[in-house]
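Student: Predicted model and sequence below, questions to follow.
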Amino acid sequence: MKIRNIDAIQIYDSRGNPTIEVEVELENGMKGYGRVPSGISTGQYEALELRDGDPQKFRGMSVFKAVNNVKTEIAALLKGKEVTDQETIDEYLITLDGTKNKSRLGANAILGVSIAVADAAARFKGQQLFEYLGDGNLLPLPEIQIIGGGAHANRRIDIQDVLLIATGAHTYEEALEITFNVHRAAADLLKERENYHGVADEGGFWPNFDKNEDALQLMMESIERAGYTPGKEASISLDIAASDLYSKKDGLYHFNLENRAFTSQEFAELMAQWCHSYPIISIEDPMADSDWEGWKAFTKLLGKTLQIVGDDLFTTNIERIQKGIQMSIANAVLIKLNQIGTLTETMHAIAFTKKAGWLPVISARSGETEDAVIAHLAVATNAGQLKVGSFARGERMAKWNEILRIKRSLKGNSKFIGSEIYKSIFNWN
């Protein structure tokens, strides 16, 4: 089935910022849609999100140039093309843009088209998106934010995310139940202490703390208040977003909350100390994306005892992932569609990561839409893990709920291995 037309409009993400929605119409009248998320804590090696930069329009945040690029150049190129040939279409888009970081047309324009093409093709074939994209049936283990920090919470604490992984869950539903209980227990504790101040960008709480480690202590108390044993039914995951803490001027990592600074080795040792002191099963970006030696030091300390995830370090880019593998840095890769810009490149990055014996973690962005494409991507590729944000806000719950619908549609053919997935990278029991 061939593409008849491609259109685009400016819509708004979960922060109310402009983003792009693409509509692909087929010759039989069927339509597919792609809605593009946006990050705020973006890595320097990510594909470029094209914004207009006019301070008189949405403070420079509008995406009318990207919308126009879809309606003109991209639409002209893809009209009449076979919608089910995803790899060829994505290659057309990459070639048309002609830049390494998709800066001419905009990664947001390109990704919107890439997703919409896949959505239209799936509808044409009478399939759900996860069925069209792959033959997976593994329901992902959720990684769910309880406390937001960093760029997602006005720097209330320096580290970006304190999350929960329901390591004792035997089903996807049980993972959500454990998370629900811990999330509500954290809310109760914060209200009792008059430290409940609403939610951050991804739905997690953003209380006042005197030091960063206080957030870890609150997690421990919340898990226990919910009736669980820390490190058994429920474990801690951290996203440090260390690139935001690293200063190229002095070569130091800075905790502004505590007015402290650390050398690369000192910061690696501090992160290792936290991981020894608390039931932390996964840590993301413990070192800056330019600090390869720091990454080597941290991986040497803890690479065989927990999941070490590269986000800003790898930016869903196979070349950077390959470098990390060759240097034995990290053992997992955060996968974000808009970091690289097409579905095909994203799926190649997932396959490459898995082939190396590492774990992919499919992730949302802080500025999300109601689109649940990443839920389908996680199942289609048997990725095994999904990081969306907290257990609150519609754009987050849409993804968790979509996994439940996917499970129902699999009619007993789905599987869930939960924290067993970590056995492939470290000695988890």
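Tutor: Happy to help now that I have it.
Student: just checking, what packs against the longest helix along the chain?
Tutor: Taking DSSP state H as the criterion, the chain has its longest helix at helix 172-192. Here helix 172-192 touches strand 141-148, strand 161-165, helix 213-225, helix 394-410, going by 3 or more Cβ pairs under 8 Å, 6 or more residues apart in numbering; DSSP states H and E. Just so you know, the C-beta spots here come from the backbone N, C-alpha and C atoms, and that holds for glycine as well.
Student: do you know which of the ones you listed lies nearest residue 117?
Tutor: Of all these, helix 394-410 sits nearest to residue 117, with 19.7 Å by Cβ to Cβ.
Student: can you redo the helices and strands packed on helix 172-192 as JSON lines with mean neighbour count, mean pLDDT and distance to residue 84?
Tutor: Shown next, in JSON lines, are those (neighbours: other Cβ atoms under 10 Å; pLDDT from 0 to 100; distance: least, Cβ to Cβ, whole Å):
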{"stretch": "strand 141-148", "mean neighbour count": "28", "mean pLDDT": "96", "distance to residue 84": "31"}
{"stretch": "strand 161-165", "mean neighbour count": "28", "mean pLDDT": "97", "distance to residue 84": "37"}
{"stretch": "helix 213-225", "mean neighbour count": "19", "mean pLDDT": "97", "distance to residue 84": "46"}
{"stretch": "helix 394-410", "mean neighbour count": "18", "mean pLDDT": "97", "distance to residue 84": "21"}
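Student: and of the ones you listed, who's closest to residue 426?
Tutor: So among the helices and strands packed on helix 172-192, strand 161-165 is nearest, using Cβ to Cβ, at 13.9 Å.
Student: Residue 45 reaches residue 321, doesn't it?
Tutor: No: using Cβ atoms under 8 Å, residue 45 is not in contact with residue 321; the gap is 11.3 Å.
Student: Residues in a beta bridge with the most centrally placed residue in the chain, which ones?
Tutor: Nearest to the mean C-alpha position of the chain, counting by Cα atoms, centre = their mean, stands residue 363 at 2.0 Å. Listed by DSSP bridges, the beta-bridge partners for residue 363 are residue 387.
Student: still on that earlier bit, any chance of TSV for the helices and strands packed on helix 172-192, columns distance to residue 249?
Tutor: Converted to TSV, the helices and strands packed on helix 172-192 look like this (distance: least, Cβ to Cβ, whole Å):
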stretch	distance to residue 249
strand 141-148	27
strand 161-165	26
helix 213-225	26
helix 394-410	36
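Student: how many neighbours does residue 280 have?
Tutor: Residue 280 has 24 neighbouring residues, counting by other Cβ atoms under 10 Å.
Student: Look at the spatially closest residue to it that is not a sequence neighbour and tell me its secondary structure.
Tutor: Nearest in space to residue 280, with sequence neighbours left out and distances taken as Cβ to Cβ, 6 or more residues apart in numbering, is residue 236 at 4.8 Å. Three-state assignment for residue 236 (DSSP: H, G, I helix; E, B strand; the rest coil): strand.
Student: burial measure for residue 236, as a count.
Tutor: 25.
Student: Quick check: it vs residue 260, distance?
Tutor: Distance of residue 236 to residue 260, computed by Cβ to Cβ, to the nearest Å: 21 Å.
Student: circling back to that earlier point, pretty sure the residue nearest to residue 280 is touching residue 216, no?
Tutor: Yes: if you go by Cβ under 8 Å, residue 236 and residue 216 touch, sitting 6.7 Å apart.
Student: Report the set of residues contacting both of the two.
Tutor: 162, 278 (Cβ atoms under 8 Å, 6 or more residues apart in numbering).
Student: got the residue ranges for the helices in the stretch 251-400 of the chain?
Tutor: 264-277, 292-302, 318-326, 337-340, 343-355, 373-380, 394-410 (DSSP state H, counting those that start in this stretch).
Student: Assign a three-state SS to the residue nearest to residue 338 when sequence neighbours are not counted, would you?
Tutor: Nearest non-adjacent residue to residue 338, counting by Cβ to Cβ, 6+ apart: residue 111, 5.4 Å away. Using three-state DSSP, the structure places residue 111 in helix.
Student: what's around residue 111, how many residues?
Tutor: 32.
Student: just checking, it touches residue 35?
Tutor: No: contact criterion Cβ under 8 Å: residue 111 and residue 35 do not qualify, at 9.7 Å.
Student: Distance of the residue nearest to residue 338 relative to residue 419?
Tutor: 31 Å.
Student: Same check on residue 10?
Tutor: In terms of Cβ to Cβ, residue 10 sits 41 Å off from residue 419.
Student: repeat for residue 21
Tutor: Separation of residue 21 from residue 419 (Cβ to Cβ) stands at 36 Å.
Student: Check residue 106 too.
Tutor: From residue 106 to residue 419 the distance is 38 Å (Cβ to Cβ).
Student: ok, now which ones touch the residue nearest to the centre of the chain?
Tutor: 311, 334, 335, 336, 374, 386, 387, 388.
Student: can you check residue 182 too?
Tutor: Residues in contact with residue 182 (Cβ under 8 Å, 6+ apart) are 146, 164, 222, 223, 226, 228, 234.
Student: cool, and residue 239?
Tutor: Neighbours of residue 239 in contact, by Cβ under 8 Å, 6+ apart: 159, 160, 161, 163, 283, 284, 285, 311.
Student: wait, which of these is closest to residue 101?
Tutor: Nearest member of the contacts of residue 239 to residue 101, counting by Cβ to Cβ, is residue 311, at 16.8 Å.
Student: Grab the nearest non-local neighbour of the closest one.
Tutor: With Cβ to Cβ, 6+ apart, the residue lying closest to residue 311 is residue 334, at 3.9 Å.
Student: so the one you found makes contact with residue 310?
Tutor: Yes: Residue 334 lies in contact with residue 310 (Cβ under 8 Å); the separation is 6.7 Å.
Student: Between these two, which has more neighbouring residues?
Tutor: residue 310 (28 against 25).
Student: pLDDT at the more buried one, what is it?
Tutor: If you check residue 310, the pLDDT there is 97.
Student: Kindly state the beta-bridge partners for it.
Tutor: Here residue 310, judged by DSSP bridges, has bridge partners residue 333.
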